[in-house]
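*Asks:* Next come a sequence and a model predicted from it.
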Amino acid sequence: MSGRIQQSKEPKLEDKMLTEVAWEVCNQVGGIYTVIRSKAPVMVDKWKDNYLLLGPKINSNVSSDFEPDPYSNSPIAQVARELREMGWDVEFGTWLVSGRPQTVLLNPHSVMHELGNIKYYYWQNHHIEFSHHDSLIDEVMAFGYMVHEFLSRFARVCLEQGVELLAHFHEWMAGTAIPDIRREQIPIKTIFTTHATLLGRYLAMNDPYFYDHLPYLNWETEARNFNVDTIARLERACAHGANVLTTVSEVTAKECVHLLGRSPEAILPNGLNIDRFSVVHEVQNLHHRYKEQINHFVMGHFFQSYSFDLDNVIYFFTSGRFEFKNKGYDLTLEALARLNHKMKEQNVNKTVVMFFVTKQPFHSINQEVMTSRAVMEEIDHNCESIMQQLKRRLFEAAAVNSDHRLPILNELVDDYWKLRYRRTIQSWKSDRLPSVVTHNLINDGNDQVLSYLRSANLLNYESDKVKIVYHPDFISSTSPLFGMDYGQFVRGCHMGIFPSYYEPWGYTPVECLARGVSAVTSDLSGFGDYVKGLPMGDEEHGLYMIERANQDYDTAAEQLSEKMLTFVMSSSRKRIETRNKAEDLSEAFDWVNLIKHYEHAYDLACEKFPIEN
Ligand code: GDU
């Protein structure tokens, strides 16, 4: 089909072409990015050059993730060129991730001047009104318009060549082209995957009895109540317009029935690329290496005020988009406060450092946190210099000394370095409490995590057994405070805490297990619900389940704090044993095993909706 496939010696898949459209192609927001990115190698392996990703060109860092190929003559590139000739910003190239999938990026801002018409025709044809200004909806509508134009032209090429075109759209932000594809009877098999329902997210955040109320809710009333009428209608239009509707778990399938009015034809659980090491202890070695890096951060952050024994520290973390109740941050905080109390009461000889890694708007990194980190680096540099001087002089002494006595080490170091070392430490030590947040938040006064910490007085006192580090930004290798990527950070920790209240799937616990790290999940998350059916889904394999479906908040918080305490008290030998077992469990989530669900959805689309030529 494409230029590249004609040169390929691989068996051709020339009768089918698959396009996946997602807002998170080359643009990380949350979990859909992980779905598309981690699945790319398996997809490219199967579909070869008959696999294409479509995404928005809106990420300012896109040039580092995407390599344009302006000279390609493949049919895909030609369609992209046609659109460029119309003055649109469209690029064909390769997304620089494993599998290197061919990708077309469409910049919605290049058609913004047509937005009035785009919305007018959408209203005329699909009866969806755009009465309130919303910049995300504007971008999404402009993107959908471009996707529609690209796909309809490409469908013509496919039809001429006798190729069946499938288009798989993820979430409403990528799916707004679906209703027009349907209306205009463009020969494309469409699959729509919802990774959550918009109303479900809102309702779960606001209704403590969401799951009980779900069957009795009226979607129109609720959409109006939350002022999300337009998006709710767009989502329904995508769900009803597609040939096949899918979602990521049984949990979300129930929501689809009640809130979208259509039962999904297939469930597509989320997978990962599970790479296992041939040497078993490698998992443990990596944990040590990255734990050292986290130790370094912790020393910089805490030790200027007071110190604790790093050999007796347990690192907990939670991560993901900021959804305080849905992601269970509220429950986690409550359980941590209880854990702190229990550890003090029982005089437990350990310290827990809990990291909240999420995204909240901030002005900058907290100056004191930054300075402390920089001074730590300076101390590190001083130690290095002293060590080198000591080593050289000790060696020289060994060569010239005839009496074989060890020289007085203190005398081997220059006064300059001793003074510098002492002064740096002096300037560093402080009486302030280590900050619970690493950045200056825009909304500091109303931030839910900070408000909880302040009201519970969980503020990193020396006497606290549980310390908090709230990092309101995702971690990457360019993060100034950690200098490691997210996967390395996870490996360095001991346990991930994800007791979600609303979670269609929930990648983060699976990512922990795949890296040999224990994880807490909940029976309300798609993943937690799925894992209940697996023989290895237990604490022995590093997976801790919090029951939230049939337990109230208070009992669930107590259960979580007890499980945290059991983990803290477990021996390091037990934790090491669990690492490999956690990895065993994660193998069930390898894309190699889960991709069959996607294939099933594509077969359904092709069998149930044959295209008439
Ligand atoms: N992450 C980073 N860096 C960080 C912190 C997190 O890359 O510093 C990544 C994690 O690796 C993870 C993702 O962010 O892959 C967050 O994943 P979630 O599943 O928590 O994300 P979302 O809530 O955005 O995802 C939505 C649903 C999930 C799941 C997902 C994919 O809410 O339940 O279904 O879509 O379908």
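*Replies:* Received, thanks.
*Asks:* Now do the buried residues in the longest helix seen in the chain.
*Replies:* Ranked by residue count and defined by DSSP state H, the top helix of the chain is helix 367-400. Neighbour-count burial for helix 367-400, counted by 16 or more other Cβ atoms under 10 Å, picks out 369-370, 372-373, 375-376, 379, 382, 385-386, 393. C-beta coordinates here come from the backbone N, C-alpha and C atoms, glycine included.
*Asks:* do stretch 44-61 as well
*Replies:* 44, 47-59.
*Asks:* just these now: which is nearest the ligand?
*Replies:* residue 59 (13.9 Å; Cβ to the nearest ligand atom).
*Asks:* For the closest one, which non-adjacent residue is closest in space?
*Replies:* residue 27 (4.3 Å; Cβ to Cβ, 6 or more residues apart in numbering).
*Asks:* how much space is there between that neighbour and residue 276?
*Replies:* 30 Å (Cβ to Cβ, to the nearest Å).
*Asks:* swap in residue 562?
*Replies:* 32 Å.
*Asks:* who in the stretch 401-550 of the chain is up against the ligand?
*Replies:* Counting by Cβ under 6 Å from any ligand atom, the residues of the stretch 401-550 of the chain close to the ligand are 474-475, 486, 503-508, 511.
*Asks:* And the chain, by the same measure?
*Replies:* So the chain meets the ligand at 30-32, 34-35, 195-196, 248, 270, 319-321, 357, 474-475, 486, 503-508, 511 (Cβ under 6 Å from any ligand atom).
*Asks:* Buried ones from those, can you make that a PyMOL selection?
*Replies:* In PyMOL, this line selects whichever of the residues of the chain next to the ligand come out buried by 16+ other Cβ under 10 Å:
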select buried, resi 30+31+32+34+35+195+196+248+270+319+320+357+474+475+486+503+504+505+506+507+508+511
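*Asks:* Now intersect the residues of the chain next to the ligand with the helices, please.
*Replies:* Reading helices off these with DSSP H, I get 31-32, 34-35, 486, 507-508, 511.
*Asks:* Quick one: classify residue 46 as helix, strand or coil.
*Replies:* helix (DSSP: H, G, I helix; E, B strand; the rest coil).
*Asks:* if I look at the one residue in the stretch 301-450 of the chain that gets nearest to the ligand, how far off is residue 233?
*Replies:* Here the stretch 301-450 of the chain gets closest to the ligand at one residue, residue 320, 3.5 Å apart by Cβ to the nearest ligand atom. Here residue 320 is placed at a distance of 27 Å from residue 233 (Cβ to Cβ).
*Asks:* pLDDT at the residue of the stretch 1-150 of the chain found nearest the ligand, what is it?
*Replies:* Distances between the stretch 1-150 of the chain and the ligand by Cβ to the nearest ligand atom are smallest at residue 30, namely 2.0 Å. Note on residue 30: pLDDT of 90.
*Asks:* Contact partners for it?
*Replies:* The contact partners of residue 30, taken as Cβ atoms under 8 Å, 6 or more residues apart in numbering, are 24, 320-321.
*Asks:* Could you check how far residue 501 is from residue 249?
*Replies:* 15 Å.
*Asks:* My error: substitute residue 257 in the last question.
*Replies:* Separation of residue 257 from residue 249 (Cβ to Cβ): 13 Å.
*Asks:* Please apply the same query to residue 583.
*Replies:* In terms of Cβ to Cβ, residue 583 sits 23 Å off from residue 249.
*Asks:* just residue 27 next, same as before
*Replies:* 24 Å.
*Asks:* repeat for residue 69
*Replies:* Counting by Cβ to Cβ, the gap from residue 69 to residue 249 is 37 Å.
*Asks:* Pick out whichever of residue 257 and residue 249 has more residues nearby.
*Replies:* Taking other Cβ atoms under 10 Å, residue 257 and residue 249 do not tie; residue 249 has more neighbours (25 against 13).
*Asks:* check contacts around that one.
*Replies:* Residue 249 touches 267, 269, 504-505, 525-527, 529-530, counting by Cβ under 8 Å, 6+ apart.
*Asks:* From the residues of the stretch 401-550 of the chain next to the ligand, pick the one nearest residue 307.
*Replies:* residue 475 (24.1 Å; Cβ to Cβ).
*Asks:* from memory that closest one sits against residue 356, does it?
*Replies:* No. If you go by Cβ atoms under 8 Å, residue 475 and residue 356 don't touch, sitting 11.4 Å apart.
*Asks:* wouldn't residue 142 be in contact with residue 119 here?
*Replies:* No. In this structure, residue 142 is not within contact of residue 119 by Cβ under 8 Å, at 9.7 Å.
*Asks:* Between these two, which has more neighbouring residues?
*Replies:* Between residue 142 and residue 119, counted using other Cβ under 10 Å, residue 142 has the larger neighbour count: 24 against 19.
*Asks:* Which of the residues in the helix or strand hosting the more buried one are classified as buried?
*Replies:* Taking DSSP states H and E as the criterion, residue 142 maps to helix 135-160. Judged by neighbour count (16+ other Cβ under 10 Å), helix 135-160 contains these buried residues: 137-155, 157-159.
*Asks:* averaged over its residues, what pLDDT does it have?
*Replies:* Rounded mean pLDDT across helix 135-160 is 97.
*Asks:* Just flag the most distant two among the residues of the stretch 401-550 of the chain next to the ligand.
*Replies:* Once Cβ to Cβ is applied, these give 475 and 504 as the farthest pair, at 23.2 Å.
*Asks:* quick one on the thing from earlier: can you select the buried ones from the contacts of residue 249 in PyMOL?
*Replies:* Command for PyMOL, covering only those of these found buried under the criterion 16+ other Cβ under 10 Å:
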select buried, resi 267+269+504+505+525+526+527+529+530
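*Asks:* Closest approach to the ligand from the stretch 101-250 of the chain, which residue is it?
*Replies:* Proximity of the stretch 101-250 of the chain to the ligand (Cβ to the nearest ligand atom) peaks at residue 195, 3.8 Å away.
*Asks:* thought that residue was touching residue 33?
*Replies:* No. Counting by Cβ under 8 Å, residue 195 sits too far from residue 33 to count as a contact (10.9 Å).
*Asks:* Tell me if residue 19 really is in a strand.
*Replies:* Yes. Under three-state DSSP, residue 19 falls within a strand.
*Asks:* What is the burial count for it?
*Replies:* 23.
*Asks:* ditto for residue 464
*Replies:* Neighbours around residue 464, by other Cβ under 10 Å: 21.
*Asks:* what sits against it?
*Replies:* When contacts are counted by Cβ under 8 Å, 6+ apart, residue 464 touches 340, 344, 458.
*Asks:* What residue spans form the domains of the protein?
*Replies:* 16-273+594-608, 274-366+435-589, 369-428 (automatic domain parsing).
*Asks:* which one of the ones you listed has the lowest average pLDDT?
*Replies:* domain 369-428 - the lowest mean pLDDT of the domains of the chain, at a mean of 88.
*Asks:* I'd like the distance from it to the chain centre, please.
*Replies:* Mean-position distance between domain 369-428 and its chain equals 43 Å (Cα atoms, centre = their mean, to the nearest Å).
*Asks:* Quick check: end-to-end length of that domain?
*Replies:* 11 Å (Cα to Cα, to the nearest Å).
*Asks:* now do stretch 53-61
*Replies:* Start-to-end span of stretch 53-61 (Cα to Cα) is 18 Å.
*Asks:* Could you check how far that stretch is from the centre of its chain?
*Replies:* Worked out by Cα atoms, centre = their mean, stretch 53-61 lies 17 Å from the chain centre.
*Asks:* Identify all contacting residues around that stretch.
*Replies:* Residues outside stretch 53-61 that contact it (Cβ under 8 Å, 6+ apart): 19-28, 36, 40, 65, 89, 91, 95, 101-109, 139, 143, 147, 150-151, 174.
*Asks:* could you flag which of the residues you listed are buried?
*Replies:* Buried by 16+ other Cβ under 10 Å: 19-28, 36, 40, 65, 91, 95, 101-108, 139, 143, 147, 150-151, 174, out of the contacts of stretch 53-61.
*Asks:* Understood, closing this out.
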